[in-house]
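> just a sequence and a predicted model for now, questions to come.
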Amino acid sequence: MPFTDNIYAKSDYIKQHILVLKMAAPIILANLSVPLLGFVDTAVMGHLPHAYFLGAVAIGATIMQFIYWGFGFLRMGTTGLTAQAYGANQSAEVRLNFQRAALLALIIGLLLWLLKSHIIDFSLYLFEASRDVEDLARTYFNIRIWSAPAALINYCLIGWFIGVQQTRIILILQVWMNLINIILDLIFVVGFSWGVEGVALATVIAEVSAASLGIYFYLKKTGKDGIIIDYAKLLNSSKLQRMIAINLNIFLRTFCLIFAFAYFTSEAAKFGDNTLAANAILLQFIHFLSFGLDGFAQAAETLIGGALGERNRNKYRMTVKVTMTWAIGISLIYTVFYWLFGSWMIDLFTNNESVRVIANQFLIWVIILPFIAVWAYMLDGIFIGATRSADMRNGMAIALAIFIVSIFILKSASGYQGLWISLIIFMGARGITLGFTFPNIEKSLKVVAVADTN
């Protein structure tokens, strides 16, 4: 079936702007609820008698975050496939995309259960923490790992709800999970004095409850058809192969991204404890940046996928234009905000004067970063919606190679500043490599022009 061109008036662009905001706002609000949970976890552990309680939770949570970050393809891959099926009005395939992803999530979750001893042993070997911290981190991990299938299914649910343009439900799920987690943190740790075990158990219950609530919303959306599993279609070899290929490419792309930031941090550590602490603070600015840009990137995922599913070229073009416009505007707001309030934010993070001086010295790179990074964020969203995961994998691999070479050259010439210049180059390279292949999305569409307005 060929793609078609339809005429779009100014009113259609206004409607698209409203739709983009409607899609992005709940995701941004959901993202903003995450730091509150981290604050409560830190606060309840920080008031226990020994510092190793806080260190253990920090290490255990970091290990779980890296594991789940690696399986983020369950969210991204599900969004692209679901959005295209949704745009094409293929209701059965919309349901099957969640079911296939959930099946894969269950298999991965079970494998994590089987390998949990090896995972924690290897992870603690890398951290090289004190014996007390390692013992408690192991306890935390051994409890948290039991919710792995539920946590991974949550990724599938989030991806699916983005794909069917129900981002409001994502906000509900995220707030629900964090609220349950916070309440149970206070009950288990402050009330029952369960310490690290209490924090871990609170998160397990929260993740399982969020998955249960998400499945309820899924069944509410799909009706009785959502209960029916057609195993022949579910296990269709060509559909499974496509899903696995897309997810594998996204996994490799994500691995490159994780490696880049881990390498950046390890290189920063070579400049001393104060520089490493300042580096950790400056990286929080990037984390904060993702709150805003992820909302518009994920809106692009579903709307791009929907336009391609509808086989409508002009709607695809309009979605690219509108989502890019908002993202660029938001990136400029971040730049101005960091310029005006960056030093104030650094002061909030630490009262160590040496760390403050170093962080302020290199704040300029954080101020520059949003406008450089926005292209990578948004093109990632567009490529996910178009299920062009091989291009994402290749682009990230090239950007990573450029990043490593940049650090090798610039660290010797400019010291720690060379690391930040290299990170700026890395973010720019991510956008440029995807930018080169971006026109191929439209070129690959077999279009029959009905009424081209360009």
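Looks like it arrived, so ask away. Residues are numbered from 1 along each chain as shown.

> which parts of stretch 101-112 are buried?
By neighbour count, with 16 or more other C-beta atoms under 10 Å as the criterion, the buried positions of stretch 101-112 are 101, 102, 103, 104, 105, 106, 108, 109, 112. (Glycine included, C-beta is placed from N, CA and C.)

> quick check: chain neighbours aside, which residue is closest to the fourth one?
Leaving aside its sequence neighbours, residue 104 sits nearest to residue 74 (C-beta to C-beta, 6 or more residues apart in numbering; 6.8 Å).

> pick the one among the buried residues of stretch 101-112 closest to residue 432.
Ranked by distance to residue 432 (C-beta to C-beta), those are led by residue 101 at 30.9 Å.

> thought that closest one was touching residue 78?
Yes. Here residue 101 lies in contact with residue 78, judged by C-beta atoms under 8 Å, at a distance of 4.4 Å.

> circling back to that earlier point, got a pLDDT number for the residue nearest to residue 104?
Among the per-residue scores, residue 74 holds a pLDDT of 95.

> is it in contact with residue 154, as I believe?
No. If you go by C-beta under 8 Å, residue 74 and residue 154 don't touch, sitting 9.1 Å apart.

> and the protein, what are its domains?
Per the record's domain assignment (automatic domain parsing), the chain is made up of the domains 1-20+252-454, 33-235.

> output the below-cut-off pLDDT ranges for this protein.
1-10, 35-43, 45-52, 128-129, 445-454 (pLDDT under 70).

> next, give phi and psi for the residue nearest the centre of it.
Within the chain, the residue whose C-alpha comes closest to the C-alpha centroid is residue 72; the distance, by C-alpha atoms, centre = their mean, is 6.7 Å. Reported as degrees, to the nearest 10, the phi and psi values for residue 72 are phi -60, psi -10.

> OK, contacts around residue 151?
With contacts defined as C-beta atoms under 8 Å, 6 or more residues apart in numbering, the neighbours of residue 151 are 68, 109, 207, 211.

> mind doing that once more with 10 Å?
Shown in contact with residue 151 (C-beta atoms under 10 Å, 6 or more residues apart in numbering): 64, 67-68, 71, 74, 105, 109, 112, 144-145, 177, 203-204, 206-208, 210-211.

> then residue 440?
The contact partners of residue 440, taken as C-beta under 10 Å, 6+ apart, are 386, 388, 391.

> would you say it is within a helix?
Yes. With DSSP: H, G, I helix; E, B strand; the rest coil as the criterion, residue 440 is assigned to a helix.

> state the distance from it to residue 324.
From residue 440 across to residue 324, the span is 17 Å (C-beta to C-beta, to the nearest Å).

> for residue 109, which non-adjacent residue is closest in space?
Looking at residue 109 with C-beta to C-beta, 6+ apart, the closest residue is residue 149, at 3.0 Å.

> ignore what I typed, I meant residue 227.
Leaving aside its sequence neighbours, residue 227 is closest to residue 219 (6.7 Å, by C-beta to C-beta, 6+ apart).

> burial of the one you found, as a residue count?
A total of 13 residues lie near residue 219 under the criterion other C-beta atoms under 10 Å.

> now for the helix or strand hosting it, which elements pack on it?
Using DSSP states H and E, the secondary-structure element containing residue 219 is helix 195-222. With contacts taken as 3 or more C-beta pairs under 10 Å, 6 or more residues apart in numbering; DSSP states H and E, helix 195-222 sits against helix 34-46, helix 51-70, helix 91-114, helix 131-144, helix 148-163, helix 167-185.

> single out the most deeply packed of these.
Here the criterion is mean neighbour count by mean count of other C-beta atoms under 10 Å, and of those the winner is helix 148-163, at a mean of 26.
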